[in-house]
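Engineer: give me a model of this one.
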Amino acid sequence: MIDQAAVAGPTRRARPGSPQRRDIQALRALAVALVVANHLWPGLIAGGYVGVDVFFVISGYLITKHLLGELGRSNRIRLGQFYARRAKRLLPAALLVALLSLLVAAVYLPIDRLLSIGRETIAATLYVENWSLAAQSVDYSAQNDQASTVQHYWSLSVEEQFYLVWPLLLLGVYLLAAGRRSPRAFLLTALAAVGAASFAFSIFLTYTSRSEAYFVTPTRVWEFAVGGLIAATSSAWFGDPRYPARIRLAGLAQWAGLGLIVASALVFDESTYFPGYLAAVPVMGTALVIASGPQSPLWSPNTLLGVSAVQTLGNISYSLYLWHWPVIILLPWIIDRPLGTLDLLGALLLSLLLAGLTKKYVEDPGRSRLLPQASPRRILGVTLVASMTVTAICAASIVAATVSQAAEAQRLDALSGGECFGAKSLSSTACQDPFGPPEVTNVGETEAPWFDDAQCGPAPDPIVVGDQKLLTLCDFSDGREDHETVWLIGDSHAEQWKAAILPLARENNWTVNISLVGGCPYLDVKRSAFMGAETDTKVQRRCLQWSAAVSDRVLATSPDLVFLSSFSVGEEIEDGTGRAQGDQYRDAFADRVGPWAAQGTDVYVIRDTPLTLERSTPECLARNGESPLDCANEKTRALPADPAAEAARSLEQANVRVLDLSDRFCPDDTCYAAIGGLHVYFDEDHVARSYVRSLIPEFAERFGAAGS
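Structural biologist: Prediction:
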């Protein structure tokens, strides 16, 4: 008699009674390693974000297996016990890291950063951070100084939402399947249908609104469903000891699965349309490893996956995921410099140390010794109180930051009348060292270019694109019939000039129509990319609809004056011809603005402001307040040619002019971060409101209004 097991070759079995599958722990180790490496060295592991997808599949498998097991044993799911176990397992460490990160931020970061971190920590504590980031259209792959300490909690929010809904879904499917001829087939069909719908939606949203698609829960449900399908069919598709040939297949499947995960991490980058259909690569890779089961040939990767260091990393993967991001965000402030090579290694070691301590003293005790005899209701009540406590502390930090910002805004108002205030210092010989330290240390939201004015409100005849009304009317005419009508059109770089235009409108009794859409050119061209990142097709369509509607309204109303401005130096446009950017801008500008000028409207293109070279100057000044020149940039790098301004000059129409205030930012070969005691910039690319106010006399003089 032939020994079929011998034919299959030696196998490695799971340790009897082992509470964990070593291959799944190794998958956790790989997932967290990819995520951490992506955040520390994004240029090296650009697609490391796929580690999150690995976590999602693992969660779908383990939770579904547990719930189906409970249903099989008792024909019910004890929802209270399930939610209580999840709370004990996840909340203690998550709340601790969120709270400690907030407290460290309060000590080391500027007070204005505390406002945004406090808000996001509330969202993270309530497990809605993914929806908060989706609403902000945050680019998660972007490594910038403004990221909060809990931005990475978005994936935990997705998981918690899954834990909340999935048991109810399985219970509902189980009840519907009762009495059917094939309840198992009904269950599998239901899970597959949920997964297919989510996958289709993920593909659609990824190619129409990529930033939103990355975060929202419906685009990720299918990843959990894949894990659930494995749990619902078999715990070992390949490594079934009853079929020795499958043991060999298990080894091949494991190698193939790991290869898919690693390949996606190495090949994908921030330009990859993700999640979409490409997320199937790491998801299917994870599925292959899990479906292989704990048994496999000796030549399988299980020997490598079972190494003690790999298992240890898998054991601390949750805590490491929690800690690594706040360490990356906070450490530069603590050591007072950007992270260099050795600093990055130090950040990794610190994250590992904190993760190990949290695992030993928070995670494990929370799961086994926190309220061991308590009812689910009491456990959930205690964790709810803990969450609300963290939320209250966050709210207090928001109040403190708001009060501080209001005080600094009052201080700026008191300084605004001086002849050395901001840009005025460049025109007065009485001002000493206009490039010295700023009077106010931190730039808060009171310096944001987006603000409301009491004289402004929704236009009675709005410009409607989709479900948005994109026209604001500011009426300073005081009922005069001979008032001038003015338009301000563009993106957020046009909005920053409201702080100059609205005071002039009030003084000159203008009515001002404002139509602004972030990230949209006002020309009849597609913005194919911005700062090197591709633009979503949904955004492109919206921009084209808006710019056409605005142009039609300007032609229909023949205003006296139009101000145009946009972040044109960061845009790449595409009119379908493939020509040079300058040529495309020139022709598109003539086609769009030429008819406005031909009917007598004066058009002023406000030249785009200098770049900060992807650096937040307020953050830099917070670190280098006494040496603001360290935050300045060379003019040759910070002030590239503005294609919109060049297009306006090439039009050669007398009533189309360029309003260029570059010399108020770069009066010599340097573009400064602080001028006349003020921060020049609010963030990475928008001018601070007080600095724009200081430009009003120069602004008025250069376009000929009767300003003061």
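Engineer: partners of the helix or strand hosting residue 487 in the sheet?
Structural biologist: Secondary structure assignment for residue 487, by DSSP states H and E: strand 485-490. Strand 485-490 sits in its sheet next to strand 511-516 (parallel), strand 561-565 (parallel), going by DSSP bridges.
Engineer: can I get the ones you listed in CSV including mean neighbour count?
Structural biologist: C-beta coordinates here come from the backbone N, C-alpha and C atoms, glycine included. Output for the strands paired with strand 485-490, formatted as CSV (neighbours: other CB atoms under 10 Å):
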stretch, mean neighbour count
strand 511-516, 23
strand 561-565, 24
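Engineer: mind checking which of these is nearest residue 585?
Structural biologist: strand 561-565 (12.2 Å; CB to CB).
Engineer: contacts for the closest one next, please.
Structural biologist: Residues outside strand 561-565 that contact it (CB atoms under 8 Å, 6 or more residues apart in numbering): 484-491, 493-494, 497, 501, 510, 522, 554, 593, 596, 601-606, 608, 644, 659.
Engineer: so how far is stretch 382-397 off the chain centroid?
Structural biologist: Its chain's C-alpha centre and that of stretch 382-397 lie 24 Å apart, by CA atoms, centre = their mean, to the nearest Å.
Engineer: one more: stretch 41-58?
Structural biologist: Centre-to-centre, stretch 41-58 and its host chain are 16 Å apart (CA atoms, centre = their mean).
Engineer: swap in stretch 78-93?
Structural biologist: That offset, for stretch 78-93, works out to 28 Å (CA atoms, centre = their mean).
Engineer: next: stretch 470-486.
Structural biologist: Centre to centre, stretch against its chain (CA atoms, centre = their mean), the figure for stretch 470-486 is 38 Å.
Engineer: show which residues not belonging to that stretch make contact with it.
Structural biologist: With contact meaning CB under 8 Å, 6+ apart, stretch 470-486 is reached by 453, 455-464, 501-502, 505-506, 508-517, 546, 549-550, 553, 557, 559-563.
Engineer: ok, of these, which come out buried?
Structural biologist: Neighbour-count burial (16 or more other CB atoms under 10 Å) applied to the contacts of stretch 470-486 gives 453, 456, 459, 462-463, 501-502, 505, 508, 510-517, 546, 549-550, 553, 559, 561-563.
Engineer: now residue 462. Nearest residue, chain neighbours left out?
Structural biologist: Once flanking residues are discounted, residue 462 sits nearest to residue 469: 3.9 Å by CB to CB, 6 or more residues apart in numbering.
Engineer: counting neighbours, what do you get for the one you found?
Structural biologist: Neighbour count for residue 469, taken as other CB atoms under 10 Å: 13.
Engineer: with residue 427 instead?
Structural biologist: Neighbours of residue 427 under the rule other CB under 10 Å: 15.
Engineer: ok, it to residue 693 distance?
Structural biologist: According to CB to CB, to the nearest Å, residue 427 stands 15 Å off from residue 693.
Engineer: please apply the same query to residue 326.
Structural biologist: Separation of residue 326 from residue 693 (CB to CB): 36 Å.
Engineer: re the thing from before, residue 57 is nearest to which of the strands paired with strand 485-490?
Structural biologist: When the strands paired with strand 485-490 are compared by CB to CB, strand 511-516 sits nearest residue 57, at 42.0 Å.
Engineer: verify the stated contact: residue 25 with residue 315.
Structural biologist: Yes. Using CB atoms under 8 Å, residue 25 is in contact with residue 315, at 6.6 Å.
Engineer: low-confidence ranges in the chain?
Structural biologist: Low-confidence segments of the chain (pLDDT under 70): 1-19, 137-145, 234-246, 296-298, 370, 531-532, 614, 705-708.
Engineer: got the domain ranges for it?
Structural biologist: Listed by automatic domain parsing, the domain ranges of the chain are 25-322+341-394, 422-703.
Engineer: can you put those domains in a markdown table and add distance to residue 414?
Structural biologist: Output for these, formatted as a markdown table (distance: least, CB to CB, whole Å):
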| stretch | distance to residue 414 |
| --- | --- |
| domain 25-322+341-394 | 19 |
| domain 422-703 | 10 |
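Engineer: what is the helix or strand where residue 104 lies packed up against?
Structural biologist: Taking DSSP H and E as the criterion, residue 104 maps to helix 79-108. Secondary-structure packing of helix 79-108 (3 or more CB pairs under 8 Å, 6 or more residues apart in numbering; DSSP states H and E): helix 111-125, helix 153-177, helix 317-335, helix 341-358, helix 364-368, helix 376-415.
Engineer: and the angle from it to helix 153-177?
Structural biologist: On the basis of axes from the mean of the first three to the mean of the last three CA atoms, to 10 degrees, helix 79-108 is oriented at 170 degrees to helix 153-177.
Engineer: got the buried residues for helix 79-108?
Structural biologist: By 16+ other CB under 10 Å, the buried positions in helix 79-108 come out as 82-102, 104-106, 108.
Engineer: ditto for stretch 579-589
Structural biologist: Across stretch 579-589, burial judged by 16+ other CB under 10 Å covers 584, 585, 586, 587, 588, 589.
Engineer: how about stretch 612-631?
Structural biologist: 612, 615-622, 624-625, 628, 631.
Engineer: and residue 441, how far is that from residue 348?
Structural biologist: Residue 441 is 32 Å from residue 348, by CB to CB.
Engineer: apologies, that question was intended for residue 540.
Structural biologist: Noted for residue 540: a distance of 39 Å to residue 348, by CB to CB.
Engineer: now residue 472
Structural biologist: Taking CB to CB, one finds residue 472 at 48 Å from residue 348.
Engineer: what do you get for residue 356?
Structural biologist: Going from residue 356 to residue 348 by CB to CB gives 13 Å.
Engineer: picking that back up, pull the contacting residues for the residue nearest to residue 462.
Structural biologist: 458, 459, 462, 463.
Engineer: so what's it bridging to?
Structural biologist: Applying DSSP bridges, one finds that residue 469 bridges with residue 464.
Engineer: how long is stretch 631-650 from one end to the other?
Structural biologist: Stretch 631-650 has an end-to-end distance of 34 Å (CA to CA, to the nearest Å).
Engineer: contacting residues around that stretch?
Structural biologist: Residues outside stretch 631-650 that contact it (CB under 8 Å, 6+ apart) are 435, 564, 566, 568-569, 581-582, 585-586, 588-590, 593, 603, 605, 607-608, 610-613, 615, 617, 620-621, 624, 656-658, 660, 662, 665-666, 668-674.
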